[in-house]
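This is the structure alone, sequence omitted:
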């Protein structure tokens, strides 16, 4: 079956039936919030105000346990709180292979991970 698409189209079309089409943008806009900022000092909580409830919970839990030099938490689920990306640098990871660093974080978040769809984790010493 062949459909006659408009000749001056800039984006692909999907045929709903023989007479109607939906325009699909080639590069749809993304609405992605930036990562939470790097933790500057232990007593400065101004940066926590821009985090969602779930981000703030994970941020505080990780900051309390690992006292990181860098900590970023982002809800990457689109806002529903089911998937997070975490970047953490801490001296607590000194001398440990990446797998062991991840195990430490996973052990801390064990109960929380059960409620999540996924967790992206990047750990480092610096």
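Received the coordinates, thanks. All of these numbers come straight from a predicted model, not from anything done at the bench. Numbers count the residues shown, from 1 in each chain.

what about residue 102, which helix or strand?
Assessed by DSSP states H and E, residue 102 sits inside helix 98-108.

would you list every one of the helices in this protein?
53-66, 98-108, 110-113 (DSSP state H).

Comparing those helices, which comes out most buried?
Of all the helices of the chain, helix 53-66 has the most neighbours on average by mean count of other Cβ atoms under 10 Å, namely a mean of 17. The C-beta positions use only the backbone N, C-alpha and C, and glycine is treated the same way.

what's that helix packed up against?
strand 70-75, strand 83-89, helix 98-108, helix 110-113 (3 or more Cβ pairs under 8 Å, 6 or more residues apart in numbering; DSSP states H and E).

circling back: tell me the mean pLDDT over the helix holding residue 102?
Average pLDDT, helix 98-108: 97.

on that earlier part again, is it possible to get TSV of the helices of the chain that adds distance to residue 86?
Shown next, in TSV, are the helices of the chain (distance: least, Cβ to Cβ, whole Å):
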stretch	distance to residue 86
helix 53-66	7
helix 98-108	7
helix 110-113	11
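
mind listing what's buried in stretch 67-82?
Within stretch 67-82, the residues scored as buried using 16 or more other Cβ atoms under 10 Å are 68, 71, 72, 73, 74, 75, 76, 81.

farthest-separated two in those?
The span of the buried residues of stretch 67-82, defined through Cβ to Cβ, is set by 68 and 81 at 21.6 Å.

so residue 108 touches residue 64, yeah?
No - when contacts are counted by Cβ atoms under 8 Å, residue 108 is not listed as touching residue 64 (9.4 Å).

Just confirm residue 116 contacts residue 80, I think it does.
No - with contact defined as Cβ under 8 Å, residue 116 does not count as touching residue 80 (10.5 Å).
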